[in-house]
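K.L.:
sharing a model that was predicted from the sequence below.
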Amino acid sequence: MYDFLKRLGIEEVNSGVFSDRWLEGKGGEVTSYNPANGEAIAKVRLADRDEYEQVVAVAERSFAAWRTKPAPLRGQVVREMGEVLRAHKDDLGRLVTLEMGKIYQEGLGEIQEIVDIIDYAVGLSRQLYGFTMHSERPGHRMYDQYHPMGVVGVITAFNFPAAVWGWNAMIAAVCGDSVIWKPSLKTPLVAVAMQNIFAPVLEKHGVPGLFSLATGHDDVVGETLVNDHRVPLISATGSVRMGKIVGAKVAARLGRSILELGGNNAIILTPEANLELAIPAIVFGAVGTAGQRCTTTRRLIVHESLVDAVTERLVKAYGQVRIGDPLDENTLMGPLIDEDAVQQMTKALEQVKSEGGEVLCGGERVDRAGFYVTPAIAKAKNSFDIVQNETFAPILYVIPYSDFDEAIGYQNGVPQGLSSAVFTSNLLEAEKFLGHQGSDCGIANVNIGTSGAEIGGAFGGEKETGGGRESGSDSWKAYMRRQTNTINYSKELPLAQGIKFDL
Ligand code: NAD
């Protein structure tokens, strides 16, 4: 067992169930594996239905207490969580790398995102603004305000095992909500470690159950949480497949959901693109995190006059990507998460060939322990079935276009709508891309790639990406309930719309 794991409170066998204290975990156990060598790291015990009940009961009580604390004071507690997070940043970043396989710089970057969202949330705790409006009735005042909503269920994907929970939990906390976290069973140790480091802060402030953890199987914990009317908001991040199930179940009980689902992100490269910016952005976007980001660049829609020169440069750059142990600081690309991910990549490349495409490089398994592959580039058509779907692996489809409107048509011509970018120095092309008839994605960039996002903006996508928004801008409103108030300070009782009702 590594020393840094001990500093994060990780043992060989851990409970993955926390209400306002660690419970036993009676719902079986999972083993967490290191994708860099396939070896077991540690085990995590799972919640059964009774333990889930204990978690939700504590979360409801915690909400009832926490919502009465003024928002700026809630912000002060969140600020203290930022201090402990900073103190554990290196260890947590290392654990993200060990368990998920992204390179260490990206593991650190993931924890930094939570530090940043905490700073953002602390500022937000002194805002949470409503509007005032003018009443049509004399002697009346109208305004709207935002109240804490309740228990928020947060379901997270394996590829951002810490940050996605952080975005949700820290904003929910300043909004006055309590949070139940159901992490991915591929990355349960990160969740245990996060719970370990924040628990003392919450205990100190008398709300030990504000953040709770219900690690468990989808059919035991996941679906119970999703169907639970005591949980007014479910924020779920993962595949479109999962979102269609979870979204339908939450809607069936008229609950609210924030869905953050798969992407099929494209960069358009026009003849007026600055290739010195574009080439590194494409390589980072397509290869970074071994193609396992929701915002990974999956399609390159490139003007026909540039196709040969650009693919030649990309193939050369791909040959220089250093693949290996993600904890080694020289490595640029680590492993995929598991054997299934390797198989999915292999199958996708077979399918692109069978649909008439051509693999230009990559897609081989690297001959070492763990789940390593070489990143692939394939010539394809946007209409291929395989191109229409997200394969969670480093495959870049190159799709030629001749006319800019055709390029926008390809960009929008997939079921998903998360992130998009155009590289051009032509103002008319850039503005068209950002205009009403341009990109239909939740994120649209000019001269920067599709991958990653700053926490200050609202993050999320359209169409099958689910429509949810998290993080900055006014995304916090999804975690609160809105109320419109009218106050009569006159001595009359005028009715709205001039209605007379004389008694
Ligand atoms: P996944 O859909 O397999 O699992 C995601 C989470 O949903 C896990 O915690 C899983 O246990 C849970 N889940 C699955 N079925 C469930 C059910 N019926 N009820 C309740 N919970 C259920 O996704 P994954 O493989 O972990 O992650 C990769 C996917 O996530 C990719 O599609 C990626 O694009 C997407 N993703 C999206 C965003 C975003 O913000 N849009 C961010 C990260 C990842």
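P.N.:
All right, it came through fine.
K.L.:
how near is the residue most central in space within the chain to Met133?
P.N.:
Residue closest to the average C-alpha location in the chain (Cα atoms, centre = their mean): Val164, at 4.6 Å. For Val164, the distance to Met133 equals 35 Å [Cβ to Cβ, to the nearest Å]. Placement of C-beta: from N, CA and C, glycine included.
K.L.:
neighbours of His303, how many?
P.N.:
21 (other Cβ atoms under 10 Å).
K.L.:
for the one 4 residues further on, same thing?
P.N.:
Val307 has 17 neighbouring residues, counting by other Cβ under 10 Å.
K.L.:
run through the bridge partners of the residue lying closest to it once chain neighbours are set aside.
P.N.:
Nearest residue to Val307 in three dimensions, chain neighbours excluded: Pro400, at 5.0 Å (Cβ to Cβ, 6 or more residues apart in numbering). Under DSSP bridges, the beta-bridge partners of Pro400 are Val302.
K.L.:
OK, contacts around Pro400?
P.N.:
Neighbour list for Pro400: 302-304, 307 [criterion: Cβ atoms under 8 Å, 6 or more residues apart in numbering].
K.L.:
I'd assumed Ser473 was in contact with Gly460.
P.N.:
No. Judged on Cβ atoms under 8 Å, Gly460 makes no contact with Ser473 at a distance of 10.4 Å.
K.L.:
of the two, which one has the most company?
P.N.:
Gly460 (27 against 12).
K.L.:
tell me the pLDDT of the more buried one.
P.N.:
On pLDDT, Gly460 comes in at 98.
K.L.:
contacts only, for it.
P.N.:
Gly460 neighbours (Cβ under 8 Å, 6+ apart): 258, 260, 418, 442, 466-470, 475.
K.L.:
so how far is Trp66 from the closest residue to it other than its chain neighbours?
P.N.:
Distances taken as Cβ to Cβ, 6+ apart place Arg469 nearest to Gly460, at 4.2 Å, with adjacent residues excluded. Plainly put, Arg469 is 23 Å away from Trp66 if you go by Cβ to Cβ.
K.L.:
for Ile443, list each beta-bridge partner.
P.N.:
Bridge pairing for Ile443 - DSSP bridges - gives Ser419.
K.L.:
got a pLDDT number for it?
P.N.:
98.
K.L.:
and it, how many neighbours?
P.N.:
Neighbour tally, Ile443, other Cβ under 10 Å: 23.
K.L.:
state whether it and Leu418 are indeed in contact, as I suppose.
P.N.:
Yes. At 6.5 Å, Ile443 counts as touching Leu418 under the criterion of Cβ under 8 Å.
K.L.:
okay, and the common contacts of these two?
P.N.:
Contacts common to Ile443 and Leu418, judged by Cβ under 8 Å, 6+ apart, are 295, 461.
K.L.:
beta partners of Phe211?
P.N.:
Val179.
K.L.:
and it, what does it touch?
P.N.:
Phe211 touches 169, 173, 178-179, 181, 195, 198-199, 202, counting by Cβ under 8 Å, 6+ apart.
K.L.:
one more: His147?
P.N.:
67, 176, 480-483.
K.L.:
so Gln112 sits in a helix?
P.N.:
Yes. Assigned with DSSP: H, G, I helix; E, B strand; the rest coil, Gln112 falls within a helix.
K.L.:
could I get the full set of strands for the stretch 401-503 of the chain?
P.N.:
416-417, 419-423, 443-446, 458-459, 462-463, 470-471, 480-488 (DSSP state E, counting those that start in this stretch).
K.L.:
can you list the strands that the fourth one pairs with?
P.N.:
Applying DSSP bridges to the sheet, strand 458-459 is found paired with strand 470-471 (antiparallel).
K.L.:
again, but for the last one
P.N.:
Strand 480-488 sits in its sheet next to strand 140-148 (antiparallel), going by DSSP bridges.
K.L.:
would you mark the buried spots in the strand it pairs with?
P.N.:
Judged by neighbour count (16 or more other Cβ atoms under 10 Å), strand 140-148 contains these buried residues: 140, 146, 148.
K.L.:
check stretch 56-66 too.
P.N.:
56, 58-59, 62-63, 66.
K.L.:
how about stretch 318-330?
P.N.:
Buried residues in stretch 318-330 (16+ other Cβ under 10 Å): 318, 321, 323-327.
K.L.:
check stretch 462-469 too.
P.N.:
462-469.
K.L.:
next, give me the two most distant ones among those.
P.N.:
Glu464 and Arg469 (15.5 Å; Cβ to Cβ).
K.L.:
which stretches of the stretch 251-400 of the chain form strands?
P.N.:
256-260, 265-269, 297-303, 358-361, 376-379, 395-401.
K.L.:
in its sheet, what does the fourth one sit against?
P.N.:
Right, the one you point to is strand 358-361. strand 376-379 (antiparallel).
K.L.:
test my guess that Leu277 contacts Ala421.
P.N.:
No. Assessed by Cβ under 8 Å, Leu277 is found out of contact with Ala421, at 10.7 Å.
K.L.:
who's more crowded, those two?
P.N.:
Set Leu277 next to Ala421 and count neighbours by other Cβ under 10 Å: Ala421 wins out with 28 against 14.
K.L.:
ok, the more buried one - contacts?
P.N.:
Per Cβ under 8 Å, 6+ apart, neighbours of Ala421: 265-268, 281, 297, 444-450.
K.L.:
for the protein, which residues are neighbours of the ligand?
P.N.:
Residues of the chain lying near the ligand by Cβ under 6 Å from any ligand atom: 155-160, 164, 182, 184-185, 218, 222-223, 226, 237-239, 242, 245-246, 260-263, 294, 390, 392, 418, 465.
K.L.:
for the stretch 301-450 of the chain, what spans make up the helices?
P.N.:
For the stretch 301-450 of the chain, applying DSSP state H, counting those that start in this stretch gives helices covering 307-319, 339-354, 385-388, 404-412, 427-434.
K.L.:
returning to that earlier point: hey, what's in contact with both of Leu277 and Ala421?
P.N.:
By Cβ under 8 Å, 6+ apart, the residues touching both Leu277 and Ala421 are 447-448.
K.L.:
just to revisit the earlier point, between the contacts of Pro400, which sits nearest the ligand?
P.N.:
Checking those against the ligand by Cβ to the nearest ligand atom gives Val302 as the nearest, at 23.1 Å.
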